[in-house]
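Peer 1: How does the following fold in three dimensions:
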Amino acid sequence: MLEEKTAIGPGLFFMLIFVMQTGYGFLQTPFLAAKHFGANGYWGVVAAFILALPLILALAALGKRFPQQSFVEYLPEIFGKPLGKILGFIYLLFLTFLFSWITMAIAGHYNMYFLIRTPFWVIVLVILGTQAFLARKGIEGLGRLSAFVFLPTLLLMIMTLIGSFQHFDINNVRPVFYFDPPKIPEGIIAMFYIYLPLAIILQNYRYLTDKNRGFRVIAKASALGGILIFLSVLMTIGTFGARTATILSWPFLELGRQTDIPYMLQTFGLVIAPVVTVHTIIGGAAFYYTVSQGLSELFGKLNYKIFVFLLFPLVLAAVALTYGDIYMRWVFNILHYVGFAVGLIFPLVVWLIAVLTRKGISQ
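Peer 2: Below you'll find the predicted structure:
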């Protein structure tokens with residue numbers, strides 16, 4: 001099996017995590033927040049970040065404990081070979097599901113807003129082909145691309161959020177600290193959806209050249225992305241109200257369409273669609289690469305570039321055959337529960353067992 005000879009420093013790692021999180025969290029988080037927390041949905045983003053901190057600690061600790069191994073490689077060492085291989089395959093299957101969902105979501109919003117007369121499968125083919133091309137560039141290539149788009153897209157996101165203040169109604173987010181207690185646990189679990197992209201770090205932490213800064217890099221990137229998502233939820237609910245935000249298919253895109261900054265760009269909000277698209281495609285490519293690399297390690301055959309080709313027709317068929325409004329909402333309603341179990345609980349359990357059994361390098 002051919003190994004990828006690459007490395008990324010803290011800066012590129014920061015950019016990649018930020019781009020993945022914003023690409024994954026911007027489009028549907030306002031819907032989730034309004035659904036589970038109502039007018040105070042933005043506090044769900046804060047709760048999700050607090051919940052993500054133990055996960056980030058565990059990711060950094062596992063990365064230091066197994067410095068030259070990926071998640072799929074050290075699972076058999078912790079759980080034994082048969083069980084470890086099975087758990088690794090389930091984990092990669094979950095990442096494949098997330099990757100397919102990302103592709104489906106970005107194709108769906110383009111089919112709804114911009115390419116109405118274009119067959120859905122054509123849109124999926126173009127997006128998936130782009131992700132496959134980027135995935136073959138490896139984690140270093142994805143990190144450098146994230147750094148290239150980071151500053152301009154960040155500025156456009158901030159400008160869109162600032163522009164949305166012109167339609168903001170403070171009454172839509174009052175009272176500030178009103179919650180329905182029985183819904184809080186379910187809401188926090190749902191909002192952890194924002195941090196599911198952190199799942200790829202388990203596979204890619206070994207490529208971080210400065211591992212002593214792992215926790216700080218991941219936490220800062222997650223915090224910056226979380227702040228922007230917090231503002232997107234606040235602005236969306238403040239503009240439309242919580243009830244309307246749960247009805248709109250893509251609440252943040254609808255918010256963007258209302259944004260207008262005079263003398264700069266008419267209908268400025270349309271710019272946010274390609275911005276989020278760029279982030280989502282890079283994020284999808286990172287999932288694609290991670291799954292391909294993980295499969296090559298799991299089976300000990302070929303290399304990740306071959307698995308990029310092998311996965312392509314399977315993901316294309318899965319997305320094209322299962323797309324539909326009912327299916328997307330049904331999957332989205334269960335995605336955050338499965339993601340909470342696999343994305344948060346599973347890594348924490350692995351870390352705990354590694355500590356108790358003293359596997360890897362002692363901390």
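
Peer 1: Tell me the backbone dihedrals of Leu27, please.
Peer 2: Per-residue torsions, Leu27: phi -70, psi -50 (degrees, to the nearest 10).

Peer 1: surely it meets Ala273?
Peer 2: No. If you go by C-beta atoms under 8 Å, Leu27 and Ala273 don't touch, sitting 9.7 Å apart. Glycine gets a C-beta too; all of them are placed from N, C-alpha and C.

Peer 1: Please identify which of those two sits among more neighbours.
Peer 2: Neighbours per residue, other C-beta atoms under 10 Å: of Leu27 and Ala273, the larger number sits with Leu27, 25 against 20.

Peer 1: so Ile361 sits in a helix?
Peer 2: No. Looking at Ile361 with DSSP: H, G, I helix; E, B strand; the rest coil, it is coil, so not inside a helix.

Peer 1: for the record, mean pLDDT for stretch 151-160?
Peer 2: Mean pLDDT, stretch 151-160: 84.

Peer 1: Alpha carbons only: can I get that stretch in PDB?
Peer 2: What follows is stretch 151-160, C-alpha atoms only, in PDB (Å, rounded to 0.1, in the frame of the first residue of the first chain):
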ATOM      1  CA  LEU A 151     -10.000  35.400   3.700                       C
ATOM      2  CA  PRO A 152     -12.200  36.400   0.800                       C
ATOM      3  CA  THR A 153     -15.000  34.100   1.700                       C
ATOM      4  CA  LEU A 154     -14.800  35.100   5.400                       C
ATOM      5  CA  LEU A 155     -15.200  38.800   4.400                       C
ATOM      6  CA  LEU A 156     -18.200  38.000   2.200                       C
ATOM      7  CA  MET A 157     -19.800  36.000   5.000                       C
ATOM      8  CA  ILE A 158     -19.300  38.900   7.500                       C
ATOM      9  CA  MET A 159     -20.700  41.400   4.900                       C
ATOM     10  CA  THR A 160     -23.800  39.300   4.400                       C
END
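
Peer 1: Measure how far whichever strand or helix holds Val276 is from the centre of its chain, please.
Peer 2: Here Val276 sits within helix 272-299, counting by DSSP states H and E. Relative to its chain's centre, helix 272-299 lies at 9 Å (C-alpha atoms, centre = their mean, to the nearest Å).

Peer 1: Might one say that Arg65 is in contact with Leu352?
Peer 2: No. Look at Arg65 against Leu352 with C-beta under 8 Å: they stay out of range, at 11.9 Å.

Peer 1: which of these two has more neighbours?
Peer 2: Looking at Arg65 and Leu352 with other C-beta under 10 Å, you find the greater number of neighbours at Arg65, namely 19 against 11.

Peer 1: Contact partners for the more buried one?
Peer 2: 354, 359-361, 363 (C-beta atoms under 8 Å, 6 or more residues apart in numbering).

Peer 1: List phi and psi for the residue nearest to it when sequence neighbours are not counted.
Peer 2: What sits nearest to Arg65 in space, not counting adjacent residues and going by C-beta to C-beta, 6 or more residues apart in numbering, is Gly360, at 3.5 Å. Per-residue torsions, Gly360: phi 80, psi -170 (degrees, to the nearest 10).

Peer 1: A strand includes Arg117, no?
Peer 2: No. With three-state DSSP as the criterion, Arg117 is assigned coil and is not in a strand.

Peer 1: Could you report the neighbour count for it?
Peer 2: For Arg117, using other C-beta under 10 Å, the count is 5.

Peer 1: can you count the residues close to the nearest residue to Gly25 once chain neighbours are set aside?
Peer 2: Nearest-residue entry for Gly25: Ile194, 4.2 Å, with adjacent residues in sequence omitted and distances by C-beta to C-beta, 6+ apart. Neighbours of Ile194 under the rule other C-beta under 10 Å: 31.
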